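just the structure for this:
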Amino acid sequence: MKEKRQKKKAKKLNREMALVTYLFMILFLVMAGYMVYFVVHDSDQVLNNPQNKRQELMAKRVTKGSILSDTGKKLAYTKTDKSGKETRVYPYDGLFAHVVGRTSHGMTGIESMEGYTMLTSSIHPIAGMVNEIKGDKNPGNNVVTTLNLNLSQIASSALGDKKGAVVVMEPDTGKILAMVSKPTYNPNLLSTKEWERLTANDEDNSPLYNRATQGLYPPGSTFKLYTALEYMREQEAYSKFRYTCRGSIGTGSGQIKCYGGEIHGKVNLTTAFAESCNAAFCQIGSELDVAKWAGLCESLYYNKSMPFDKLEQKSSRFSITKDSAKGDIMQASIGQGNTLVSPLQNAFLVCASVNQGTLMKPYVIDRIEDSEGNVIEQSEPVKVSQPITEDEAKALKKLMRATVTEGTATALNTSRYKAGGKTGSAEFQNGSTDSHAWFIGYGEKDGKKLVVSIVVEAAGTGSAYAVPIAKRIFDVYW
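Numbers count the residues shown, from 1 in each chain. This is a model prediction of the structure:
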């Protein structure tokens, strides 16, 4: 009997030990899984967080590396004087302030996102030991961007003193070649007094604000790309669309006019798009399946974060539902009402259209190099999604091409390259005659493609103010 109780007790003890063992195994697997997830998803964000105290320790041993253009021009570097004092220098003053960022008064941009990277030194260990013995700092790694100095300067010059933003991208890779936001500021001159001026409560000016990714504007007629695409999806015989424009649609307070009261007469889908006929597109929008239309917008990153993780951003908004009033739906069809978009996101549908329907992830970091120029890490183009089919891409390109050959962007009609796009004049204040000037479009030649998204605040028509900027960029590129 005693032996039986001992066996029972031993069996129970074995079960308890097995249970404890399994619990420890489960905990170990959970911790291992978390470590893998951290390394893959979160480590870069945590390490490059400017609040990470480890960066302060690293800065005592490493001179922060430089931020370079696509051809190796220094956009930011550390200068050390005879006393050993280090100063961060931005050779092009405010040209890259919103993308490259700053280190004074809070880190922003690439300075913040790649801070840990630039405070890491990848020189030969022996050379590093020699430097430490001598009391010298090791040189940090350099960040080579996709930003092109020449295109950035041209975009900034073309925008002039106007407020707004210019984004220039390669649609087949996702590389951002230029991202200009105005007004800007000089990160070399951030004295206390200057900082107080920059942070004054002046929402209209906001020089610290990156309008390319954080600015939200009504897209105006550039949104007709979405309206046209949804109409083509729902109407198999869309090429038979016909409408007679009399300069407006609706009555009374709900009346919507074509820009400047222009009467377009008889139009098909192509001419309505090329000549930017509001009345025709209001008619088209009123016939759409709103749920599918919203789904199309969300597939191209309306109402969600963009697939762009290096800079601060705000999400574009499309709020029309099946319960929306007909007048609101008609306003949305021409990019007015509550629809808002950032310049970067407004380039996405154009990028997909000139890349056989494929949307590539936008990026500004091309590679990481050590101080000798050896590549440590190379970025590769990443496909985000296939939001439209190849046939849809061809149809949208045809519409955009017509805007240049016979519509509101004929200034881009040249034999030097082939261009297409959509202009927009977006009203942004009720009862105001002001409008934001938009142009989104593409240029291509010999297999090379470029997409631009341009907004000029409170300027007027896209054809008069945004298209000339696109032309200067395309003319320089080709």
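
so where's the stretch 151-300 of the chain uncertain?
Along the stretch 151-300 of the chain, the model assigns pLDDT under 70 to residues 201-204.

can you give me the helices in it?
Using DSSP state H, counting those that start in this stretch, the helices of the stretch 151-300 of the chain run over residues 192-198, 224-234, 269-274, 278-286, 290-299.

just the buried positions in the first one, please.
This points to helix 192-198. Of all the residues in helix 192-198, those buried under the rule 16 or more other CB atoms under 10 Å are 195, 198. Placement of C-beta: from N, CA and C, glycine included.

got JSON lines for the helices of the stretch 151-300 of the chain, with distance to residue 142 too?
Putting those into JSON lines (distance: least, CB to CB, whole Å) gives the following:
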{"stretch": "helix 192-198", "distance to residue 142": "28"}
{"stretch": "helix 224-234", "distance to residue 142": "39"}
{"stretch": "helix 269-274", "distance to residue 142": "45"}
{"stretch": "helix 278-286", "distance to residue 142": "48"}
{"stretch": "helix 290-299", "distance to residue 142": "37"}
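
which among those is found nearest to residue 257?
Nearest of the helices of the stretch 151-300 of the chain to residue 257, taken as CB to CB: helix 278-286 at 6.7 Å.

which elements pack onto that closest one?
The contact analysis (3 or more CB pairs under 8 Å, 6 or more residues apart in numbering; DSSP states H and E) places helix 278-286 against helix 224-234, strand 243-245, strand 248-249, strand 256-257, helix 269-274, helix 326-333.

could you dump these into JSON lines and include distance to residue 96 and mean neighbour count?
Below are the helices and strands packed on helix 278-286 laid out as JSON lines (distance: least, CB to CB, whole Å; neighbours: other CB atoms under 10 Å):
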{"stretch": "helix 224-234", "distance to residue 96": "30", "mean neighbour count": "22"}
{"stretch": "strand 243-245", "distance to residue 96": "44", "mean neighbour count": "18"}
{"stretch": "strand 248-249", "distance to residue 96": "45", "mean neighbour count": "18"}
{"stretch": "strand 256-257", "distance to residue 96": "41", "mean neighbour count": "16"}
{"stretch": "helix 269-274", "distance to residue 96": "35", "mean neighbour count": "23"}
{"stretch": "helix 326-333", "distance to residue 96": "35", "mean neighbour count": "21"}
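
compare these and report which one is nearest to residue 477.
Among the helices and strands packed on helix 278-286, helix 224-234 sits nearest to residue 477 (CB to CB), with 22.4 Å.

who touches the closest one?
Helix 224-234 has contacts (CB atoms under 8 Å, 6 or more residues apart in numbering) with 238, 241, 269, 273, 276, 281, 284-285, 287-289, 292-293, 296-297, 300, 333-335, 349-350, 353, 388, 392, 395-396, 399-400, 422, 440.

could you redo the last one with a cut-off of 6 Å?
With contact meaning CB atoms under 6 Å, 6 or more residues apart in numbering, helix 224-234 is reached by 238, 273, 281, 284-285, 288, 293, 296, 333, 349, 395, 422.

got phi/psi on residue 268?
Torsion angles at residue 268 (phi, psi; degrees, to the nearest 10) stand at phi -100, psi -170.

got the contact list for it?
Neighbouring residues of residue 268 by CB under 6 Å, 6+ apart: 241-242.

neighbours of residue 136, just the number please.
13 (other CB atoms under 10 Å).

now name the helix or strand holding it.
When elements are assigned from DSSP states H and E, residue 136 belongs to no helix and no strand.

for residue 83, see how far away it is.
14 Å (CB to CB, to the nearest Å).

grab the most central residue of this structure for me.
residue 344 (3.6 Å; CA atoms, centre = their mean).

quick one: closest of the helices of the stretch 151-300 of the chain to residue 411.
Comparing those under CB to CB, the one sitting nearest is helix 269-274, at 13.7 Å.

could you export the closest one as PDB, CA atoms only?
Extracted C-alpha coordinates of helix 269-274, given in PDB (Å, rounded to 0.1, in the frame of the first residue of the first chain):
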ATOM      1  CA  LEU A 269     -15.100  60.900 -71.600                       C
ATOM      2  CA  THR A 270     -11.700  61.800 -73.100                       C
ATOM      3  CA  THR A 271     -12.600  65.400 -73.900                       C
ATOM      4  CA  ALA A 272     -14.400  65.800 -70.600                       C
ATOM      5  CA  PHE A 273     -11.300  64.700 -68.800                       C
ATOM      6  CA  ALA A 274      -8.800  66.600 -71.000                       C
END
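
what's that helix in contact with?
228, 238, 241, 280, 399, 402-403, 406-407.

ok, and the most crowded of the residues you listed?
Using other CB under 10 Å as the neighbour criterion, residue 403 leads those with 29 neighbours.

so which helix or strand takes in that one?
Counting by DSSP H and E, residue 403 is found in helix 390-406.

and that helix, C-alpha only, in CSV?
Output of helix 390-406 as CSV, limited to C-alpha atoms (Å, rounded to 0.1, in the frame of the first residue of the first chain):
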residue,chain,number,x,y,z
GLU,A,390,-2.7,46.8,-67.0
ASP,A,391,-5.8,47.6,-69.2
GLU,A,392,-6.9,50.2,-66.7
ALA,A,393,-3.4,51.7,-66.6
LYS,A,394,-3.4,52.1,-70.3
ALA,A,395,-6.9,53.7,-70.3
LEU,A,396,-5.8,56.2,-67.6
LYS,A,397,-2.6,57.0,-69.5
LYS,A,398,-4.7,57.7,-72.6
LEU,A,399,-6.8,60.2,-70.7
MET,A,400,-3.8,61.9,-69.2
ARG,A,401,-2.1,62.1,-72.6
ALA,A,402,-5.2,63.8,-74.0
THR,A,403,-4.9,66.5,-71.4
VAL,A,404,-1.5,67.4,-72.9
THR,A,405,-2.3,67.0,-76.6
GLU,A,406,-5.7,68.7,-76.6
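
end to end, how far does stretch 106-122 reach?
End-to-end distance of stretch 106-122 (CA to CA, to the nearest Å): 26 Å.

for it, what is the average pLDDT?
The average pLDDT within stretch 106-122 is 94.

and it, what's buried?
Neighbour count says stretch 106-122 has 107-122 buried, by 16+ other CB under 10 Å.

among the contacts of helix 224-234, which one sits closest to residue 177?
Nearest to residue 177 among the contacts of helix 224-234: residue 349, at 18.8 Å, using CB to CB.

so what's the closest one up against?
Taking CB under 6 Å, 6+ apart, we find residue 349 in contact with 225, 300.

three-state assignment of it?
Recorded secondary structure, residue 349: helix (DSSP: H, G, I helix; E, B strand; the rest coil).

list the contacts for the residue nearest to the centre of the chain?
Applying CB under 6 Å, 6+ apart to residue 344 gives the contacts 167, 212-213.

excluding chain neighbours, give the residue nearest to residue 241 in space.
residue 269 (4.5 Å; CB to CB, 6 or more residues apart in numbering).

if we can go back for a sec, from the contacts of residue 344, which is closest to residue 449?
Set against residue 449, the nearest of these by CB to CB is residue 167 (14.5 Å).
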